[in-house]
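> Turn this into a model:
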Amino acid sequence: MSNRRIKTLMAAVAVAAATLASALPADATPTRPTREPLTDVRIATHFDVSAGQLPENIALLPDGTAAVTFAASRQVAEVSPRGATRVLATLPAPADGGVHTPALGFPLATGIARTPDGTLYVLYATGTADLTGLWRLRPGKAPQRIAALPEDGLPNGLALDERGKRLYITDSVLGTVWTVPVTGGTPTAWSTAPELTPTGFLGVNGAKVHDGALWVTNLDQGTLLRIPIRPGNRAGTPQVKASDPDLVGIDDFAFTGHGDDVLATLNTTNRVVHIRPDGTRTTVLDTADGLQNPSSVALRGKEVYVLSAAYATATDPNLLRARLRGHGHR
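Presented below is the predicted three-dimensional model:
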């Protein structure tokens, strides 16, 4: 991918990020974090911005390897526990270059999930009917699209329900959560609740299955939502678990293992916040720790992984690691 192409892609995202940031109220100015409950914060891996290695989402393997999507280069890669990066696959480029990809104007690999057998599932948004959708990547095999999604949407967050052997997909443009079996097929619109809709840029975003519910974020609305999974895989009414103008730009999140405790990335204000079950929050990481448009967070035991996409800064996409103190992870 040419440097000119990379700069064009990042400029498009930077404009959108700046629009969101300018909409934040004055009292949403980030403060220096306490870092509690995080310790041993460090940058573990630097990615190559000139190659389009802008990390969007992460799934962890049992040995501590991180499977990541690189948005701008349309790639799936592994980052070893020692920090070495290996590209596993590159998704095919759309014939029109992806210029009609909703909201962003370039094709991008987004959500990623992994099943215990080592299969990776990846979302791809291109603005074209032949490529947009859910892709499967099995060890040693080429990526294969197993579910088509609307070309006028932006599939973004991906959550696995291992018990039901289903995947949940958030569409940040259409304000929809889709569901599809891990075997693939025709997706079903699981929820189109108004709490999922965008109000200017992107709506429903990050997604996790937790204690009988699908939890999601809404980037524009600055909310963390819990949607009960009812019998027959029906969606319940969304419940707002955290909401504040300070949370505008909320992207991905992960549960700490302490009940409904959450660590969440705030993409536009370059922060990670600790959200407690009562909705109160504390900034625990920010630019002083090396964050640049953090896009995803994951936990393995007490090890915390945070991706910085550097969409707006275009200087240092990276993987930051830390340890979680005083929490048990399930």
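> the helices in the stretch 1-150 of the chain, which residues?
3-22 (DSSP state H, counting those that start in this stretch).
> quick one: low-confidence parts of it?
Residue ranges of the stretch 1-150 of the chain with pLDDT under 70: 1-34.
> What's the per-residue pLDDT of residue 325 here?
Note on residue 325: pLDDT of 86.
> burial of the closest residue to it other than its chain neighbours, as a residue count?
Among residues not flanking residue 325 along the chain, residue 37 sits closest, at 4.7 Å (Cβ to Cβ, 6 or more residues apart in numbering). (Glycine included, C-beta is placed from N, CA and C.) Using other Cβ atoms under 10 Å, residue 37 is surrounded by 20 other residues.
> list the contacts for residue 37?
256, 274, 284, 324-327 (Cβ atoms under 8 Å, 6 or more residues apart in numbering).
> run the last query once more with 7 Å
274, 324-327 (Cβ atoms under 7 Å, 6 or more residues apart in numbering).
> What about those residues, which are in strands?
274, 324 (DSSP state E).
> Let's have the contacts of residue 37 in a markdown table, adding neighbour count and distance to residue 149.
Below are these laid out as a markdown table (neighbours: other Cβ atoms under 10 Å; distance: Cβ to Cβ, whole Å):
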| residue | neighbour count | distance to residue 149 |
| --- | --- | --- |
| 274 | 22 | 33 |
| 324 | 23 | 34 |
| 325 | 12 | 40 |
| 326 | 10 | 40 |
| 327 | 17 | 35 |
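> would you turn the contacts of residue 37 into a markdown table with distance to residue 232?
Putting the contacts of residue 37 into a markdown table (distance: Cβ to Cβ, whole Å) gives the following:
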| residue | distance to residue 232 |
| --- | --- |
| 274 | 35 |
| 324 | 36 |
| 325 | 41 |
| 326 | 39 |
| 327 | 34 |
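> Now flag whichever of the contacts of residue 37 is closest to residue 112.
Set against residue 112, the nearest of the contacts of residue 37 by Cβ to Cβ is residue 324 (21.6 Å).
> any idea how far residue 256 is from the residue nearest to the closest one when sequence neighbours are not counted?
Using Cβ to Cβ, 6+ apart and skipping the chain neighbours, the partner closest in space to residue 324 is residue 302 (4.4 Å). Between residue 302 and residue 256 the computed distance is 9 Å (Cβ to Cβ, to the nearest Å).
> And residue 186, by the same measure?
Taken as Cβ to Cβ, the span from residue 186 to residue 256 is 36 Å.
> what about these two, which has more around it?
residue 256 (22 against 9).
> close enough to count as contact, the more buried one and residue 264?
No - in this structure residue 256 lies outside contact range of residue 264 using Cβ atoms under 7 Å: 10.8 Å.
> For the stretch 101-250 of the chain, just list every one of the strands.
108-114, 120-125, 133-137, 144-148, 155-161, 166-171, 176-181, 188-191, 204-210, 213-218, 223-230, 234-235, 239-243, 250-255 (DSSP state E, counting those that start in this stretch).
> closest one to residue 270 among those strands?
strand 250-255 (11.3 Å).
> What helices and strands are in contact with that closest one?
strand 204-210, strand 213-218, strand 262-266, strand 294-300 (3 or more Cβ pairs under 7 Å, 6 or more residues apart in numbering; DSSP states H and E).
> Okay, angle between the second one and strand 155-161 too, please.
Direction vectors for strand 213-218 and strand 155-161, defined by axes from the mean of the first three to the mean of the last three Cα atoms, to 10 degrees, enclose an angle of 160 degrees.
> for strand 213-218, what is the average pLDDT?
pLDDT averaged over strand 213-218 gives 98.
> and for that strand, what are the contacting residues?
157, 159, 168, 170, 177, 195-196, 203-208, 223-229, 250-251, 253, 264.
> run the last query once more with 8 Å
Taking Cβ under 8 Å, 6+ apart as the rule, strand 213-218 contacts 157, 159, 161, 168, 170, 177, 190, 195-198, 203-209, 223-229, 235-236, 241, 250-253, 262, 264.
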